[in-house]
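Asker: One predicted model, sequence on top.
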2 protein chains.
Amino acid sequence: MQESYIDLRIARTKSAIRDALTKLIEEKGFESLTVKDITTRAGINRGTFYLHYRDKYDLLKKCQKEIMDDISKIVQKGFLRDIVSKNSATIPFHFSVSIFEYLDKHGDFMKALLGPKGDLSFHNMWKSVFENNLNNFIKRENLLVPEEYLISYIASAHLGVIQQWLHNGRKESPKEMAKILSSINLNGPIVAAGLKND
Amino acid sequence: MQESYIDLRIARTKSAIRDALTKLIEEKGFESLTVKDITTRAGINRGTFYLHYRDKYDLLKKCQKEIMDDISKIVQKGFLRDIVSKNSATIPFHFSVSIFEYLDKHGDFMKALLGPKGDLSFHNMWKSVFENNLNNFIKRENLLVPEEYLISYIASAHLGVIQQWLHNGRKESPKEMAKILSSINLNGPIVAAGLKND
DNA sequence: AAATCAATCAACACTGTGTTGATTAGAAAA
DNA sequence: TTTTCTAATCAACACAGTGTTGATTGATTT
């Protein structure tokens, strides 16, 4: 079996483009960077960029799609496991760990895109992932507050913690982070803040 | 006392520009819109725009600064009240109501800027407001989780609920929204979701 | 009614875009 | 190795939007 479906030149060019993209997003933010910036940084001709991507938005979209496809697989795995275990009393801990492990693996790119100069639509994709997941676990009969606000609350909170973790340089392990999240979720932020002895 | 410090023509032009900005952000997002778009929509000459703003970023910055100045005043008022009442056991309810009332008053602009096609730096400004406020209320001795993650969690969660509320057309009253937030904060999201009887 | 100054308009150079066609060079296949 | 591909290069193009200029118009103020 021949493995040479990809030309080495293409692989080199593409990874140079994506490395340049990651760095430039952190430096000046996605909207401020130009195709010229990317190709200069990547050390390739500007025309070459257009052989692979329609424009900088197309590049970003393709990078993000790869990420979200991976995440879908992780979500599916977690979903199957939960069907088996039938334990939906808490936001699944193992799913949470898997997510942090994935984020860790793609740390630089994630930090750039989920950071303060990142891409808002990518933020929203992540929120949607959490929102969809929450829909599978919420018991609609017992809600103390409107479902939509509860879901927004949790999804945004989780994204916020992830962003903070990426910003801090990912010092805590994925397991530690999952524990922190589940601790706040279970006790509630007020108890976690030590403002109420429950 | 003469009130005519501002020329009517300037006032008209500026409000036309800001109305156009609000609508265009909702339609195509801030980054995609051009100065030409704004002036065409506002019915003014493109050159006129540059008499008032350096570029579209300057316009956005000035709009946002007005908002954040107002918010600072609201925060200060709340802070003074809390010094008097000494009741810091909960995230202050009245502060929360004031914020929702302010957001309601500037609903269209807020929805545009805090929405999915809005401006990330404005999102971050709001998060900072919440984070700074939380720093005044957290008891650092009793924390169950690292302070920074707890703060990120709450700040992001609150912004998320606000965004959802703006997106939904602000159907609930500011008081209702403040109640919803404090309910989740006090009980914790898991209890609020009916997944644990506490 | 006169003075003031915001707004208009046309023209300018400049930067980045996306596409073209001819050429070069490096990877794959013989 | 040599030959064959084809990715990458390069220069040139029209086009969009930018930010600035100087002369002119006209609404508002005094």
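Answerer: Structure received.

Asker: Now do the domain split for chain A, please.
Answerer: A:1-53, A:55-192 (automatic domain parsing).

Asker: For residue A:43, which non-adjacent residue is closest in space?
Answerer: residue A:16 (6.4 Å; CB to CB, 6 or more residues apart in numbering or on different chains). (Each C-beta comes from the backbone N, C-alpha and C, glycine too.)

Asker: brain fart, residue A:108
Answerer: residue A:22 (5.5 Å).

Asker: and the host helix or strand of the residue nearest to residue A:43, which residues are buried?
Answerer: Under the criterion of DSSP states H and E, residue A:16 resides in helix A:8-28. Buried residues in helix A:8-28, counted by 16 or more other CB atoms under 10 Å in any protein chain shown: A:13-14, A:16-18, A:20-26.

Asker: and the helix or strand following that helix, anywhere near chain B?
Answerer: Proceeding N to C from helix A:8-28, the next assigned helix or strand is helix A:35-42, under DSSP H and E. No. Using CB under 8 Å from any CB of the partner chain, helix A:35-42 stays clear of chain B, with a minimum separation of 15.1 Å.

Asker: Farthest-apart pair in the buried residues of helix A:8-28, please.
Answerer: Using CB to CB, the two most remote members of these are A:13 and A:26, lying 21.2 Å apart.

Asker: Name the stretch among the domains of chain A that sits most buried.
Answerer: Counting by mean count of other CB atoms under 10 Å in any protein chain shown, domain A:55-192 has the highest mean neighbour count of the domains of chain A, with a mean of 18.

Asker: Stretch A:58-74 - what's its average pLDDT?
Answerer: Averaged over stretch A:58-74, pLDDT sits at 95.

Asker: Same question for stretch A:128-147.
Answerer: 88.

Asker: before we move on, the earlier item: tell me which of the domains of chain A lies nearest to DNA strand D.
Answerer: DNA strand D lies closest to domain A:1-53 among the domains of chain A, at 3.0 Å (CB to the nearest atom of the strand).

Asker: Okay, residue A:167 and chain B: tell me how far apart.
Answerer: 9 Å (CB to the nearest CB, to the nearest Å).

Asker: hang on, that residue packs against residue A:111?
Answerer: Yes. With contact defined as CB atoms under 8 Å, residue A:167 counts as touching residue A:111 (7.0 Å).

Asker: which helix is the longest one in chain A?
Answerer: Across chain A, the longest stretch assigned as helix under DSSP state H is helix A:56-85.

Asker: relative to helix A:8-28, how tilted is that one?
Answerer: 90 degrees (axes from the mean of the first three to the mean of the last three CA atoms, to 10 degrees).

Asker: Identify the spatial nearest neighbour of residue A:39, chain neighbours not counted.
Answerer: Per CB to CB, 6+ apart, closest to residue A:39 is residue A:46, 4.6 Å.

Asker: tell me the contacts of the one you found?
Answerer: With contacts defined as CB atoms under 8 Å, 6 or more residues apart in numbering or on different chains, residue A:46 is in contact with A:35-36, A:39.
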